[in-house]
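K.L.:
Quick one, structure for this:
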Amino acid sequence: MQLKELINKIKSYNGKSDIELIRKAYDFAYEFHKDEKRASGEPFIQHPLNVAFILADLKIDDSTLVAALLHDVVEDTAASLDTIKKEFGEEVAALVDGVTKLTSLKYNRRDDTNAESIRKMLMASTKDIRVILIKLADKLHNMRTLKYLPIEDQKRIAKDTLEIYAPLAYRLGIANIKWELEDLSFKYLEPEMYQKFKEKFGKKRSERELDIKKLKAILEKELEKHDIKAIIKGRPKHFYSIYKKMQTKHRTFEEIHDLIGLRIMTDNVKNCYEILGIVHSLWKPIQGEFNDYIAMPKENMYQSLHTAVMALNQPVEFQIRTQEMDRLAEEGIASHWKYKGVYGDKTFDKKLSWVREMIEMQNAAETPKEFMEFLKIDLFEDEIYVFSPKGDVIRLPKGSCPIDYAYAVHSDLGDKCTGAIVNGRIVPLRYELKNGDIIKILTSNVLAPKRDWLKIVKTTKAKSKIRHTLKIFHKLPISPTTTRPETKGISLGLINISSSKNYEVKFAKCCYPIPGDNIVGCVIKGNKLSVHNTDCEYIQNNKLKKITVSWKEDTKVPILVKILANDRIGLFADVLNTIAATGTNVDPAKAKAISNDLVEMQIGVVPENLDHIVDIVKRIKRIKNVNKIHIEER
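P.N.:
I've put the predicted structure just below:
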């Protein structure tokens, strides 16, 4: 590539470009890189020149193009950042600094150095998103020339690209760069499969092109009848996207038939929905293959209607969007670029808020390795849309659980989460949320994060907040337990004990004694007292030391009512409403699935007296599907 090609490209979209500044940057880079060669053997200057050209395809501004031409001089040559600042200004120097690796860091592992360099780049991007754009263009040209490196390096770089840089391009909405990065990574990570794809696609190319012509002709004729103007194009199917479909749907290449895709661009949103109706009237839609990303845009600002139909005896995918949406889908954040003053634009800032939020969450990472794990989660492409009870839309990564949802809504909601109701049904906290789920979080007035939650949550925000709260708990002073009075007979919470010995009291799970039952205490393992029903088979069949116990009439001790029941829609609501009818406040209230159809609920109450407890228990017993009730002191 020659400088002249880059200049012609820039002039094609920016008549006011400072071409002399571009030439100056090129000459500066050429001088400092003149003794360097690429692994391919070509002069090093070809790399920054190609990086700048990739960005020019996105119609980027002069400062970014200058920084692209200079992006390797500080890292690889004797040029200093101060010199860059003096010659080209602070704006360009900041961009160059943002993409310069942290070569001065001394880590034992290459991965740690890489992680800290990526963290630095992302931190710089919170001030200027163009840092990421330059890095993506840099990565793309490196991937295009990856064949000149040793195989071990090829696979390492391709894996890094697939896990970090392709998802970054996706989050910025730059489809062209995303697809190419994915396909190039696929080429080096799965060379045999990639070659197989090339061969099979080549054989079927003429058939696909003929089918696309037929479909376009049918659709254009129908759109003309409805006086709708639109541009229809065949949509290229990328190798990696097909490979992913094979993996997720467990199909062989021979079983993947929907290799034909069409994209329809029109003037306005109203036309988009009309065209959707026309497509569905012409061909039978495939169930479960419709997505409305116009009404609910993706987090990377992508908007389009997606549908699939059976046409010409095969599945065909359609994307329907406005021309503005198409431009955004191809160029992403770069399509919003204003050559001056973009960072004063609140709308623009809002679209980039995910970068700042991601950095905030990842600052909780304690090691470079953990940072990379967090980053991969945040950049994960697949996402789902779930709803709050009020209808608010919450985006989450695929595989998220109710705890992720709770923390996505608000940190306090996550910290106090004790259970979840999804689509009117109690679910365990590890339940994997699905598109369209309506979620209600059950809470306690006390903080409830568990260390085990870290194993089931998906989002970085949830992991970060859970760890933060657990650290606070760890630093809290531990209260000394109160000693029980040494008297001949003592009262402990719910029961009176005919002994002055301090016992640790538990209510037996073999017979589930509840207030109102005749009970007896059995001594087990020294100072532990198990309270049973007097007719319990366990105490009848075992020789145990027995102690007289009775229910305490004037108790106001906090208790936990545990309920085992066969799950059904509305069960948890019925239990809560039943307890509320007795004038009792509930705290906490949570439930978890024991098996496919069994659920255990834990309801915290503070009764006025023994009769109050008996009343609550009797009412719960009458609820449909309740099997057992167990009482514990809190």
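K.L.:
Flag the shaky bits of the stretch 401-550 of the chain, pLDDT-wise.
P.N.:
445-448, 471-479, 481-492 (pLDDT under 70).
K.L.:
where exactly do the strands run in it?
P.N.:
417-422, 425-427, 439-443, 490-492, 495-497, 504-507, 519-524, 528-533, 545-547, 549-551 (DSSP state E, counting those that start in this stretch).
K.L.:
closest to residue 58 out of the ones you listed?
P.N.:
strand 439-443 (38.2 Å; CB to CB). Where you see a C-beta, it was placed from the backbone N, CA and C, and this is true even at glycine.
K.L.:
just how off-centre is the closest one within its chain?
P.N.:
19 Å (CA atoms, centre = their mean, to the nearest Å).
K.L.:
Name the strands paired with it and say parallel or antiparallel.
P.N.:
With DSSP bridges as the test, strand 439-443 is paired with strand 417-422 (antiparallel).
K.L.:
Can you mark which positions in the strand it pairs with are buried?
P.N.:
Neighbour-count burial for strand 417-422, counted by 16 or more other CB atoms under 10 Å, picks out 417, 418, 419, 420, 421, 422.
K.L.:
Show me what the fourth one bridges to in the sheet.
P.N.:
What it means is residue 420. Assessed by DSSP bridges, residue 420 has beta-bridge partners residue 427, residue 441.
K.L.:
I'd like the distance between it and residue 93.
P.N.:
Distance of residue 420 to residue 93, given as CB to CB, to the nearest Å: 50 Å.
K.L.:
just the last one next, same as before
P.N.:
For residue 422, the distance to residue 93 equals 51 Å [CB to CB].
K.L.:
follow-up on the earlier one: how about the buried residues of strand 417-422, which pair is most distant?
P.N.:
418 and 422 (14.6 Å).
K.L.:
Neighbours of residue 62, how many?
P.N.:
18 (other CB atoms under 10 Å).
K.L.:
My read is that it contacts residue 23, right?
P.N.:
No. The criterion here is CB atoms under 8 Å, and residue 62 misses it with residue 23 at 11.6 Å.
K.L.:
Give me the three-state assignment for residue 612.
P.N.:
Under DSSP: H, G, I helix; E, B strand; the rest coil, residue 612 falls in the helix class.
K.L.:
That one touches residue 584, doesn't it?
P.N.:
Yes. Taking contacts as CB under 8 Å, residue 612 lies within contact range of residue 584: 7.4 Å.
K.L.:
Quick check: buried residues in stretch 263-280?
P.N.:
In stretch 263-280, counting by 16+ other CB under 10 Å, buried: 263, 264, 265, 266, 269, 271, 272, 274, 275, 276, 278, 279.
K.L.:
hmm, I was thinking of stretch 578-585
P.N.:
By neighbour count with 16+ other CB under 10 Å, stretch 578-585 contains the buried residues 578, 579, 582, 584.
K.L.:
Let me have the residues you listed in a markdown table, adding pLDDT, distance to residue 173 and secondary structure as columns.
P.N.:
Output for the buried residues of stretch 578-585, formatted as a markdown table (pLDDT from 0 to 100; distance: CB to CB, whole Å; DSSP: H, G, I helix; E, B strand; the rest coil):
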| residue | pLDDT | distance to residue 173 | secondary structure |
| --- | --- | --- | --- |
| 578 | 82 | 51 | helix |
| 579 | 84 | 50 | helix |
| 582 | 76 | 55 | coil |
| 584 | 78 | 52 | coil |
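K.L.:
between those, which is nearest residue 97?
P.N.:
residue 579 (61.2 Å).
K.L.:
Please verify my assumption that that closest one contacts residue 605.
P.N.:
Yes. With contact defined as CB under 8 Å, residue 579 counts as touching residue 605 (6.7 Å).
K.L.:
okay, and the common contacts of the two?
P.N.:
Common neighbours of residue 579 and residue 605, using CB atoms under 8 Å, 6 or more residues apart in numbering, are 561, 586, 616.
K.L.:
Buried members of the residues you listed into ChimeraX, please.
P.N.:
Buried residues within the shared contacts of residue 579 and residue 605, by 16+ other CB under 10 Å, are selected in ChimeraX with:
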select :561,586,616
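K.L.:
The closest residue to residue 189 other than its chain neighbours and residue 145, how far apart?
P.N.:
Sequence neighbours aside, residue 158 is the residue nearest to residue 189 in space, at 5.0 Å (criterion: CB to CB, 6 or more residues apart in numbering). As judged by CB to CB, residue 158 and residue 145 stand 13 Å apart.
K.L.:
buried set for the biggest helix by length in the chain?
P.N.:
Identified as the longest helix of the chain according to DSSP state H is helix 191-225. The neighbour-count check on helix 191-225 (16+ other CB under 10 Å) flags 194, 197, 208, 211, 212, 215, 219, 223 as buried.
K.L.:
what's the lowest-pLDDT member of those?
P.N.:
Least confident entry in these, by pLDDT: residue 208, with 78.
K.L.:
was I right about that one contacting residue 262?
P.N.:
No. Between residue 208 and residue 262 there is no contact under CB under 8 Å: 11.1 Å.
K.L.:
Domain ranges for the protein, per the record?
P.N.:
Domain ranges of the chain: 3-191, 201-333, 382-475, 490-551, 559-633, per automatic domain parsing.
K.L.:
so how far is the fourth one from its chain's centroid?
P.N.:
Its chain's C-alpha centre and that of domain 490-551 lie 49 Å apart, by CA atoms, centre = their mean.
K.L.:
Residue 166: what secondary structure?
P.N.:
Assignment for residue 166 (three-state DSSP): helix.
K.L.:
In which helix or strand does the closest residue to it other than its chain neighbours reside?
P.N.:
Computed as CB to CB, 6+ apart, the closest residue to residue 166 that is not its neighbour in sequence is residue 181, at 4.2 Å. Per DSSP states H and E, residue 181 falls inside helix 175-189.
K.L.:
Now do the residue positioned nearest the centre of the chain, the pLDDT please.
P.N.:
The chain has residue 397 as the residue nearest its centroid, 2.6 Å off, counting by CA atoms, centre = their mean. Residue 397 is assigned 83 on the pLDDT scale.
K.L.:
So the closest residue to residue 13 other than its chain neighbours, which state does it fall into?
P.N.:
Excluding the flanking residues, the one nearest residue 13 by CB to CB, 6+ apart is residue 59, at 4.5 Å. Classification of residue 59 using three-state DSSP returns coil.
K.L.:
So that it lines up with my notes, have the first residue be 53 from now on.
P.N.:
Okay, residue one is now 53; in that scheme the one you just asked about reads as residue 111.
K.L.:
Check what pLDDT residue 111 gets.
P.N.:
For residue 111, pLDDT reads 87.
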